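J.: sequence-free structure coming up:
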DNA sequence: GACGAATTAGGACAATTGTCCTATGGCCAA
DNA sequence: TTGGCCATAGGACAATTGTCCTAATTCGTC
């Protein structure tokens, strides 16, 4: 197998394990076993564990960017695009209940470790933040687009954390519906309506 | 020193380190050094690391319960009590930006480790959930008190996670203000008002 | 088929992990 | 003062960690 392919396999497996078990709790041996390589051989592809982390984050940046871009290809409305973002919570429901949000939990862990890659991991949030802000601008909310983007991001993080703690599908459904109702009130034309009761 | 005092010191230090660095990343040696004891001696007080974790969670349950109870002693209104909860985000701002929410991050880590103490840690959320629900009942929202409690809890978790990732004090202030505005609309008398724009 | 480079296996290495044992010191009761 | 229990220090233990080296294998090219 070519070095590039092996490297890609390592990144894919590490990406999954970092999400499912956390960065610190995942060892070289764990990754090696799942890839089917010997542990010592890793040094050929990655000199340190931090290099793997960097590669995993870079991979996620690429994947996330591609996903967000692909959503826009068939030209849905900004509100519909934001709805798609919100619905990640339902699409990935079972994974989120088991391991939380991949971005939020990684940022939290790296913050506690005071890890150098903290900023890179937060860059994943920036990707969503900017994309969401763009949609709110298109929605006619240029003045507070970034604040609205952060608000939606904040809500999905809160839902993810409580979903992991309580494993309550109804809670997720309810909060997603509430986010959609909130979104509806944010289009200027509908701003006089009141759709904000969570329940 | 009596065994009880030493044990209490260990729990206090472990509590702090589990929060600042995480459970897995904190070793017996780390705790021993901060308490000023020899590592081997831990076995006398705690047979396993999991036993320390249990003690730390039990301590947090006691402390949290006492805090919530003390808030109610001088008889503030339910809305004022909920406001106090929301303002934890500001009171603990710098710690949250550095290490996240103590409850949320612990639950997330234990979920990834598939740890037996997961449910006990989530019990800390239950404490807040029930206390908040009581306030909403007193506010005249008995029908959806639990959902409203989860909603507030969800928001504070989301704010904590993004606060850690972005270290943005303005964001925290803004979202706290928005939570207060939301709270105002939740008292039945004020339910026709619209205070929901986050910004 | 043979050569040289690319890729791998296997293991060495010191450090650290959680766990556990034993010998020692100190304090309180008789 | 003595005897016994409580608390501690110090270290042993096997296992695992991230890192690194070297010898072997595989592969494409001539």
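T.: On my side now, so go ahead. The shown structure was predicted, so the numbers you read here are calculated from the model rather than taken from an experiment. Residues are numbered from 1 along each chain as shown, chains lettered A, B, ... in the order given.

J.: isn't residue A:110 right up against residue A:119?
T.: No - taking contacts as Cβ atoms under 8 Å, residue A:110 lies outside contact range of residue A:119: 9.1 Å. Every C-beta, even on glycine, is put in place using the N, C-alpha and C of the backbone.

J.: in the helix or strand encompassing residue A:81, what's buried?
T.: Using DSSP states H and E, the secondary-structure element containing residue A:81 is helix A:78-86. Buried residues in helix A:78-86, defined by neighbour count with 16 or more other Cβ atoms under 10 Å in any protein chain shown: A:78-79, A:81-86.

J.: with stretch A:26-40 instead?
T.: When neighbours are counted by 16+ other Cβ under 10 Å, the buried residues of stretch A:26-40 are found to be A:26, A:28, A:31-32, A:34-35, A:37.

J.: again, but for stretch A:143-159
T.: When neighbours are counted by 16+ other Cβ under 10 Å, the buried residues of stretch A:143-159 are found to be A:144-159.

J.: what does the worst-scoring helix or strand of chain A on mean pLDDT contact?
T.: Sorted by mean pLDDT, DSSP states H and E, the helices and strands of chain A end with helix A:42-45, the least confident at a mean of 90. Where contact means Cβ atoms under 8 Å, 6 or more residues apart in numbering or on different chains, the residues beyond helix A:42-45 that reach it are A:3, A:6-7, A:10, A:28, A:31-32.

J.: centre of the chain to the following helix or strand past it, how far?
T.: Moving toward the C-terminus from helix A:42-45, the first helix or strand encountered (DSSP H and E) is helix A:49-73. Using Cα atoms, centre = their mean, to the nearest Å, we find the averaged C-alpha position of helix A:49-73 to lie 10 Å away from the chain's own average C-alpha position.

J.: please apply the same query to stretch A:164-180.
T.: Its chain's C-alpha centre and that of stretch A:164-180 lie 17 Å apart, by Cα atoms, centre = their mean.

J.: what helix or strand does the residue nearest to residue A:148 when sequence neighbours are not counted sit in?
T.: Counting by Cβ to Cβ, 6 or more residues apart in numbering or on different chains, residue A:136 is the residue found nearest to residue A:148 once chain neighbours are left out, at 4.6 Å. Per DSSP H and E: residue A:136 is located in helix A:118-138.

J.: between helix A:78-86 and that helix, find me the angle.
T.: Here the directions of helix A:118-138 and helix A:78-86 differ by 150 degrees (axes from the mean of the first three to the mean of the last three Cα atoms, to 10 degrees).

J.: before we move on, back to that, surely the residue nearest to residue A:148 is in contact with residue A:186?
T.: Yes - when contacts are counted by Cβ under 8 Å, residue A:136 is listed as touching residue A:186 (7.5 Å).

J.: so which of the two has more stuff around it?
T.: Set residue A:136 next to residue A:186 and count neighbours by other Cβ atoms under 10 Å in any protein chain shown: residue A:136 wins out with 25 against 22.

J.: tell me how far residue A:15 lies from DNA strand D.
T.: Residue A:15 is 15 Å from DNA strand D, where distance means Cβ to the nearest atom of the strand, to the nearest Å.
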